[in-house]
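Participant: The sequence and its predicted three-dimensional model are supplied below.
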Amino acid sequence: MSASGHTAGRATQPNRLSEWLLPDDSLDGLRYLSRAQFRFRVKRFWKRMFSPRQAVASLLSIAFVSAYLFAGLTLLSRREANDPEQLRLWLSGGMVLYAMYHTVKHLWAKPTLEPDAETWTDADRLWLGGGPVARRTMVLREAMSAVPSAAAKTALLGVVLWRDAEFLPLLLIGICLALIALEMIRRVITHGIDALRPGERRLGCTISLFVGMAMAFQLGVQVWQSTPPGSDPVMYVLSAMSEVGNYAGSAWIQIMAFALLPAASVASAQPWLVFGSLAPSVSLTLMALIAVAVILALAETLVRVDAWSSDRRIATERQRLRLLENNASRPMTATLSVASRALRKTWIQQFGDALARWFPERSRGMSGLIVRQLQCVRRYLPNVIVSFAIPMALSLSPLLTDQTTKQWVFVIGGIALSSLLLAPPALQIDFRRDLKRMFLVRSLPLGNVAMCVGMLSVPVAITVLFQWSTLALGAWIATPSKWQTVWLFLALPSLAVVTFAVENALFLAFPHHVHAQGIAMVIRAKITFLWKGLMLAVAPIALISYVMLCERILPTFWVGPAAFAGTLFAVWSVAALAGWVLVRCWSRFDPLIDTPPE
């Protein structure tokens with residue numbers, strides 16, 4: 001019996017068709033658990049819709065769905081329909097580009113010590129931990145858990161793309177099949193990379209670095225050549241989007257998208273030329289069946305990759321055990337030297353001790369939170385650097401154009417956009433990573449304000465460092481006015497505070513597990529994106545309106561100081577309000593009630 005509760009012998013039996021369709025003879029526990037989980041989720045969803053604690057979430061979800069449907073049926077209905085061939089190329093090629101991005105991201109991520117294709121919950125361990133359930137069944141069950149989220153994404157994409165559809169049911173079926181196939185491909189890539197040895201992983205990182213640099217250089221050259229000299233930065237952005245679309249439809253990308261082509265053809269209602277002699281309905285039905293067959297083939301591939309990955313992990317574990325045996329046989333002096341190095345304080349711990357001496361007596365526990373977060377940043381430092389280096393390059397890219405004034409505006413917009421959209425997923429070292437440790441976090445001897453400040457200190461500091469570095473480089477090249485630069489240096493940190501405070505407040509109000517999927521997660525992501533978009537749209541209008549009001553009602557001498565101080569007061573007041581909301585959400589968070597089951 002393996003550690004996860006599977007019988008090792010059943011996983012090595014030959015895979016007949018009957019075993020693929022019905023892998024186990026004894027699945028009573030799995031069937032019961034699946035039915036119980038489904039009933040529980042339906043009841044929980046219904047209770048949350050009418051629960052006072054979840055009233056805000058229910059109202060936001062209903063408002064978002066209503067506004068989304070209204071926009072799709074009114075605004076999007078007036079645009080011109082795209083060519084079905086372009087839709088097919090976008091679906092297949094765009095998903096391949098996402099798979100390539102996921103591959104590079106996972107290659108450069110810090111490898112986990114015990115990667116696994118399955119996520120075992122407490123209920124799984126209770127009902128299935130000792131049962132005769134084959135591993136392939138659990139792997140496929142884990143992969144199929146993405147079907148509800150794929151259906152939700154299909155509905156959202158259908159609202160956007162229905163104007164381009166030849167036949168709406170075919171569009172929805174094709175998109176859903178393509179998303180399921182993409183999820184299978186993503187899992188195959190993830191588990192294959194997790195099984196790589198350190199040397200193989202370094203080779204993959206090197207190859208991905210050169211390939212990524214070559215692709216970025218080629219895209220930059222194409223954008224530069226396709227945009228007229230002296231154009232606005234907006235034209236360069238539009239040209240970049242057009243070139244990405246052309247790249248997604250290129251021959252090599254389409255060859256790599258062979259597993260997604262049947263579903264994309266169904267969505268665009270364009271059957272292959274091989275079926276040209278058949279009726280359109282028959283040919284499209286055959287294309288849908290081929291797309292389903294591709295998903296089944298990818299599922300079988302995932303099972304085989306999981307078995308190969310398991311063998312690789314066993315071999316790696318044996319190597320680690322042999323290394324431990326060799327270390328145990330070394331002389332005592334060498335062992336003591338290794339132990340002394342392990343017990344020696346790092347510079348992060350020394351920094352934490354220095355902070356503890358500066359903090360008040362009641363808030364000295366904040367230093368422990370900061371040390372823990374800094375150690376996490378040190379472990380994932382390459383990912384953090386890459387996550388901020390790319391936004392920095394994109395934010396500074398408008399400086400390559402010839403529009404001096406608009407250069408600076410787009411640099412500021414790039415910094416704000418990166419702080420809102422890219423910094424939170426890159427720096428999840430706050431409450432969002434500690435859901436399973438909330439009882440421990442709650443037990444720390446810290447007040448609500450000190451806890452929230454300690455949790456947000458490191459992510460906010462790193463984001464502010466990114467903002468100031470990008471702003472300094474941009475100001476050095478574009479040479480804007482001195483007071484404008486000073487105002488931006490003082491105001492942009494408030495955006496970082498607002499971003500992380502609101503992200504964590506939303507998480508504490510409506511908590512979810514790190515790898516959770518489903519309709520609720522899709523709606524949550526869209527609502528998060530919506531409030532950030534509204535903030536980017538409303539905040540500049542409000543600040544400019546205040547400055548115009550100062551110019552209208554104040555003497556000329558007082559316009560500058562009033563606008564400078566008033567706008568700073570406004571942005572930091574919003575930051576203080578966001579911090580107060582976070583403290584309120586943390587004070588009312590009850591780990592026993594609010595922690596969602598897995």
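Facilitator: Thanks, I have it. Computed from a predicted structure; not experimentally measured. Numbers count the residues shown, from 1 in each chain.
Participant: Look up which helix or strand the nearest residue to Met95 once chain neighbours are set aside falls in, please.
Facilitator: Distances taken as C-beta to C-beta, 6 or more residues apart in numbering put Leu182 closest to Met95, at 4.8 Å, once the chain neighbours are dropped. Every residue, glycine included, has its C-beta placed from N, CA and C. Using DSSP states H and E, Leu182 sits within helix 168-194.
Participant: so what does that helix touch, helix or strand wise?
Facilitator: helix 84-108, helix 135-144, helix 147-161, helix 261-267, helix 280-328 (3 or more C-beta pairs under 8 Å, 6 or more residues apart in numbering; DSSP states H and E).
Participant: Lowest mean pLDDT across those helices, which one is that?
Facilitator: With a mean of 77, helix 135-144 has the lowest mean pLDDT of the helices and strands packed on helix 168-194.
Participant: Would you mind pulling up the elements that the helix or strand hosting Ile415 packs against?
Facilitator: Per DSSP H and E, Ile415 falls inside helix 404-417. Helix 404-417 sits against helix 233-248, helix 381-396, helix 448-478, helix 482-509, with contacts defined as 3+ C-beta pairs under 8 Å, 6+ apart.
Participant: May I see the buried residues of the helix holding Leu182?
Facilitator: 170-194 (16 or more other C-beta atoms under 10 Å).
Participant: Same question for stretch 127-147.
Facilitator: Quick answer for stretch 127-147 (16+ other C-beta under 10 Å): 127-129, 131-143, 146.
Participant: Check stretch 576-592 too.
Facilitator: Ala578, Gly579, Val581, Leu582, Val583, Cys585, Trp586, Phe589, Pro591.
Participant: got it, and stretch 302-314?
Facilitator: Applying a neighbour-count criterion of 16+ other C-beta under 10 Å, one finds Leu302, Val303, Val305, Asp306, Ala307, Ser309, Ser310, Arg312, Arg313 buried in stretch 302-314.
Participant: In TSV, list the residues you listed along with distance to Thr567.
Facilitator: Output for the buried residues of stretch 302-314, formatted as TSV (distance: C-beta to C-beta, whole Å):
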residue	distance to Thr567
Leu302	53
Val303	58
Val305	55
Asp306	55
Ala307	60
Ser309	54
Ser310	58
Arg312	57
Arg313	56
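Participant: which one of the buried residues of stretch 576-592 sits closest to Leu506?
Facilitator: Cys585 (8.2 Å; C-beta to C-beta).
Participant: Who are the contact partners of the nearest residue to the closest one once chain neighbours are set aside?
Facilitator: Counting by C-beta to C-beta, 6+ apart, Leu508 is the residue found nearest to Cys585 once chain neighbours are left out, at 4.0 Å. Applying C-beta atoms under 8 Å, 6 or more residues apart in numbering, we find Leu508 in contact with Phe431, Leu582, Cys585, Trp586, Phe589, Asp594.
Participant: Which two among these are spaced furthest apart?
Facilitator: Leu582 and Asp594 (14.8 Å).
Participant: Need the three-state assignment for Val223.
Facilitator: helix (DSSP: H, G, I helix; E, B strand; the rest coil).
Participant: okay, now it: neighbour count?
Facilitator: 20 (other C-beta atoms under 10 Å).
Participant: cool, and Leu554?
Facilitator: 14.
Participant: host element of the spatially closest residue to it that is not a sequence neighbour?
Facilitator: Using C-beta to C-beta, 6+ apart and skipping the chain neighbours, the partner closest in space to Leu554 is Ala562 (5.7 Å). Assessed by DSSP H and E, Ala562 sits inside helix 556-588.
Participant: average pLDDT across that helix?
Facilitator: So the average pLDDT for helix 556-588 ends up being 87.
Participant: Distance from the chain centre to the helix or strand following it, please.
Facilitator: Heading C-terminal from helix 556-588, the first helix or strand you meet, by DSSP H and E, is helix 591-594. Centre-to-centre, helix 591-594 and its host chain are 25 Å apart (C-alpha atoms, centre = their mean, to the nearest Å).
Participant: Equivalent analysis for stretch 279-296, please.
Facilitator: 32 Å.
Participant: for Pro480, helix, strand, or coil?
Facilitator: Classified using three-state DSSP, Pro480 is coil.
Participant: Roughly how far does the closest residue in space to it that isn't next to it in sequence sit from Thr485?
Facilitator: Counting by C-beta to C-beta, 6+ apart, Trp408 is the residue found nearest to Pro480 once chain neighbours are left out, at 5.1 Å. According to C-beta to C-beta, to the nearest Å, Trp408 stands 10 Å off from Thr485.
Participant: Mind checking which of those two has more residues around it?
Facilitator: Neighbour count, other C-beta under 10 Å: between Trp408 and Thr485, Trp408 has more, with 22 against 18.
Participant: hang on, the earlier thing: and the gap between the residue nearest to Cys585 and Thr470?
Facilitator: 30 Å.
Participant: ok, back up a step: just want the angle from the helix holding Leu182 to helix 135-144.
Facilitator: Put simply, helix 168-194 runs at 130 degrees to helix 135-144, going by axes from the mean of the first three to the mean of the last three C-alpha atoms, to 10 degrees.
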